[in-house]
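> Structure here, sequence nowhere to be found:
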């Protein structure tokens, strides 16, 4: 008797995609994009390779979706945190929350590694456009939601916060007498006090 194609319910499809994304994130953090194979993802998710290709045309498409969804979630949470606490302290807390997100997922900021550039080079222009975001627009929205007024020119404020967040990439070089998070929190508090009225 010939076996028919496996038919997935909508619930099955949601569950499989969710498992694939979770495993993709775990592999990305533990061994990187290049060392992650479709076979390993399928084994961990307990699906066949054929099933994988019903959901994604390539490994890159899955990694792209994970990264895109993660960016959307992080920036959405950033704005939501500020909406809930629209003051300097809420803005400060939201920046520190961004720190935790970025520090726990190096591929979000360490984009010059061979692993990330290898992944990025295989993306279509449309995918690259979707991953690009305007950090100035994000900060502009955050400042508006927090009901804050700038004491300094807008471009200086945005550049300062971008530099602050980019310091996460150099956290390994922090002095042994002070951990990077403590220094980051201190700088954030000083910047928020200096930049906003």
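Perfect, thanks for sending it. From a predicted model like this one, the values you see are computed outputs, not experimental measurements.
> now the helix ranked longest in the chain, how far from the centre of its chain.
If you go by DSSP state H, the chain has its longest helix at helix 59-84. With C-alpha atoms, centre = their mean, to the nearest Å as the basis, helix 59-84 stands 6 Å off its chain's centre.
> Name the residues that touch the very next helix or strand once past it?
Once helix 59-84 ends, the next helix or strand along the chain (criterion: DSSP states H and E) is helix 88-104. Contacts with helix 88-104, where a contact means C-beta atoms under 8 Å, 6 or more residues apart in numbering, come from 74, 77-78, 81-82, 84-85, 108-109, 142-143, 146, 148, 161, 164-165, 168, 171, 181, 184-185, 188-189, 192-193, 196. (Each C-beta comes from the backbone N, C-alpha and C, glycine too.)
> Could you give me the PyMOL selection string for whichever of the residues you listed are buried?
Burial among the contacts of helix 88-104 is assessed by 16 or more other C-beta atoms under 10 Å; the matching PyMOL selection reads:
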select buried, resi 74+78+81+82+85+108+109+142+143+146+148+161+164+165+168+171+184+188+192+196
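> Just the ones of the contacts of helix 88-104 in strands?
Within the contacts of helix 88-104, no residue falls in strands by DSSP state E.
> for residue 134, what are its contacts?
Going by C-beta under 8 Å, 6+ apart, residue 134 touches no other residue.
> oh, I was asking about residue 115
Residues in contact with residue 115, defined by C-beta under 8 Å, 6+ apart, are 32-34, 107.
> Compute the number of surrounding residues for residue 154.
Residues near residue 154, counting by other C-beta atoms under 10 Å, number 12.
> pLDDT at the closest residue to it other than its chain neighbours, what is it?
Sequence neighbours aside, residue 140 is the residue nearest to residue 154 in space, at 7.5 Å (criterion: C-beta to C-beta, 6 or more residues apart in numbering). Here the pLDDT value assigned to residue 140 is 89.
> which element is residue 140 on?
Residue 140 belongs to helix 135-145 when assigned by DSSP H and E.
> one step back: helix 135-145 and the longest helix of the chain, what's the angle between them?
Relative orientation of helix 59-84 versus helix 135-145 (axes from the mean of the first three to the mean of the last three C-alpha atoms, to 10 degrees): 30 degrees.
> Give me the mean pLDDT for helix 59-84.
Helix 59-84 comes out with an average pLDDT of 93.
> Numbering from 6 from now on, please.
Got it, first residue is 6 now, which makes that one helix 64-89.
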